[in-house]
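Enquirer: sequence isn't available, so here's the structure alone:
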């Protein structure tokens, strides 16, 4: 299990990062200063990765990296930057500094994937490639049909969905099934180091314009997949709008975005004219908790991949494990399902994974869930979900925002016994 050293002055962000990395099967350790980081770095085993803030109370990431080099440590260092547009981000990458960078507002989307690129073979990391996962729900059958319909056109598209729901795979499938499949394609992460790229000093255009324009030049006649478009700064939105609106490049743009993009358009923090150029067509990817019938098939897919990669016997989920997985709210969607299933596969003693082998991160205070009973059609499922999360009926009532007396009446209504089982 790879050690990941986190050096960050923010205790809350250390907690969030530690939770994300723990769920992915890593062993995180957080400290709040460079001096403490030096002490812990000297103890790190082979295969470790260091994640550090650019600025800390007692120095900078660059100073920390220089110390690591002086001491002969070759651990990959991932720097956390607040804004890709400032000089800190450029400086920490310059001259063989940080191995990579991630943007602080996008920690939940980039941290595990980025760490997985540099962690050595001591840890098995399965990444979600471009293929669609096997799913049988009606909602996903409709999405697959819409992918084909959009792919047959040259329209730009936005794929909406929660974090970890599979938006990127949908975007890639549109590209792979389109007439532009034989032309170049470029994948850009709007919230990462992607825009710290090419620049022509001889150009009279702005540096940012040249960088963004270079991606269109690289993908001429093909496709740009712009991940997490809602993370684009207003300045980058303006440059992208100018290129699309005035230069009309022969490039199709497929974006992924979280649902908050719609609110940003309404509040004018995302340019409406750019939004409508990008959203000539769209697909809304449902959350995993809306398609729980897909969970057994997806989980089994990950278990097959795990067995193939490790050379170990293939493991299976029993009925209790499937029930537990279906009752969990899945704030991290498919990506979280992958991490939890692989963690269970690693720790299960036999070849059968039961509910006791599955460890949910119920202590993560960085996320909150609203289980208030507003939709009568989902009441029964919400009651079962609240019981699973709370561990007892008293906590379930709190999560549901109702009294214990009301909950008892609802349990009788839906035939739910004291163990959370539905009576036939």
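Expert: Arrived safely, thanks for sending. Bear in mind that the values here come from a model prediction, so they are computed numbers and not experimental data.

Enquirer: what sits against the residue nearest the centre of the chain?
Expert: By CA atoms, centre = their mean, the chain has its centre lying nearest to residue 109, at 3.4 Å. Contact analysis of residue 109 by CB atoms under 8 Å, 6 or more residues apart in numbering lists 163, 191, 228. In this view, the C-beta of every residue, glycine as well, is placed from N, C-alpha and C.

Enquirer: quick one: the strands in this structure?
Expert: In the chain, the strands defined using DSSP state E lie at 3-7, 27-31, 49-53, 55-56, 59-60, 77-81, 100-103, 157-160, 185-189, 223-227, 252-257, 281-284, 316-317, 352-353.

Enquirer: residue 421: which of these is closest?
Expert: In terms of CB to CB, the element of the strands of the chain nearest to residue 421 is strand 316-317, at 18.6 Å.

Enquirer: not counting that closest one itself, show me its contacts.
Expert: Here strand 316-317 makes contact (CB under 8 Å, 6+ apart) with 296, 299, 300, 303, 325, 341, 351, 352, 353.

Enquirer: picking that back up, now rank the contacts of residue 109 by neighbours and give me the top one.
Expert: Counting neighbours by other CB atoms under 10 Å, the top entry in those is residue 228, with 24 neighbours.

Enquirer: that one and residue 76, how far apart?
Expert: 23 Å (CB to CB, to the nearest Å).

Enquirer: spit out the contact partners of the closest residue to residue 3 other than its chain neighbours.
Expert: Distances taken as CB to CB, 6 or more residues apart in numbering put residue 48 closest to residue 3, at 4.3 Å, once the chain neighbours are dropped. For residue 48, the contacting residues are 2, 3, 4, 5, 75, by CB under 8 Å, 6+ apart.

Enquirer: could I get the strands of the chain in CSV, plus columns for distance to residue 268, mean pLDDT and mean neighbour count?
Expert: Shown next, in CSV, are the strands of the chain (distance: least, CB to CB, whole Å; pLDDT from 0 to 100; neighbours: other CB atoms under 10 Å):
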stretch, distance to residue 268, mean pLDDT, mean neighbour count
strand 3-7, 36, 94, 25
strand 27-31, 38, 93, 19
strand 49-53, 31, 94, 26
strand 55-56, 31, 89, 18
strand 59-60, 35, 90, 16
strand 77-81, 26, 90, 25
strand 100-103, 22, 87, 22
strand 157-160, 18, 98, 24
strand 185-189, 24, 91, 19
strand 223-227, 20, 95, 23
strand 252-257, 16, 97, 26
strand 281-284, 20, 96, 17
strand 316-317, 47, 96, 20
strand 352-353, 48, 95, 18
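
Enquirer: greatest separation within the contacts of strand 316-317: which pair is it?
Expert: Longest span within the contacts of strand 316-317, CB to CB: 325 and 351, 17.6 Å.

Enquirer: the more surrounded of the two?
Expert: The residue with more neighbours, out of residue 325 and residue 351, is residue 325; 24 against 13, by other CB under 10 Å.

Enquirer: quick one, what contacts the more buried one?
Expert: 295, 296, 299, 317, 337, 340, 341, 358.

Enquirer: what about burial for the residues you listed, which qualify?
Expert: Buried members of the contacts of residue 325, counted by 16 or more other CB atoms under 10 Å: 295, 296, 299, 317, 337, 340, 341, 358.

Enquirer: among the residues you listed, which ones are in helices?
Expert: Under the assignment DSSP state H, the buried ones among the contacts of residue 325 contribute 295, 296, 299, 337, 340, 341 to helices.

Enquirer: so which of the buried ones among the contacts of residue 325 comes closest to residue 14?
Expert: Nearest member of these to residue 14, counting by CB to CB, is residue 340, at 21.5 Å.

Enquirer: pretty sure the closest one is in contact with residue 25, am I right?
Expert: No: if you go by CB atoms under 8 Å, residue 340 and residue 25 don't touch, sitting 9.7 Å apart.

Enquirer: still on that earlier bit, ok, the residue nearest to residue 3 to residue 211 distance?
Expert: Separation of residue 48 from residue 211 (CB to CB): 32 Å.

Enquirer: so, low pLDDT: which residues of this protein?
Expert: Residue ranges of the chain with pLDDT under 70: 1, 83-96, 120-128, 192-204, 361-377, 389-391, 424.

Enquirer: let me see the domain layout of it.
Expert: 3-118, 138-286, 289-357 (automatic domain parsing).

Enquirer: can I get these in JSON lines with distance to residue 393?
Expert: Listed next are these as JSON lines, based on distance: least, CB to CB, whole Å:
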{"stretch": "domain 3-118", "distance to residue 393": "27"}
{"stretch": "domain 138-286", "distance to residue 393": "29"}
{"stretch": "domain 289-357", "distance to residue 393": "15"}
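
Enquirer: quick one: closest of the ones you listed to residue 409.
Expert: Of all the domains of the chain, domain 289-357 sits nearest to residue 409, with 21.2 Å by CB to CB.

Enquirer: could I get the full set of helices for the stretch 151-300 of the chain?
Expert: 167-176, 207-218, 234-242, 260-266, 272-278, 295-310 (DSSP state H, counting those that start in this stretch).
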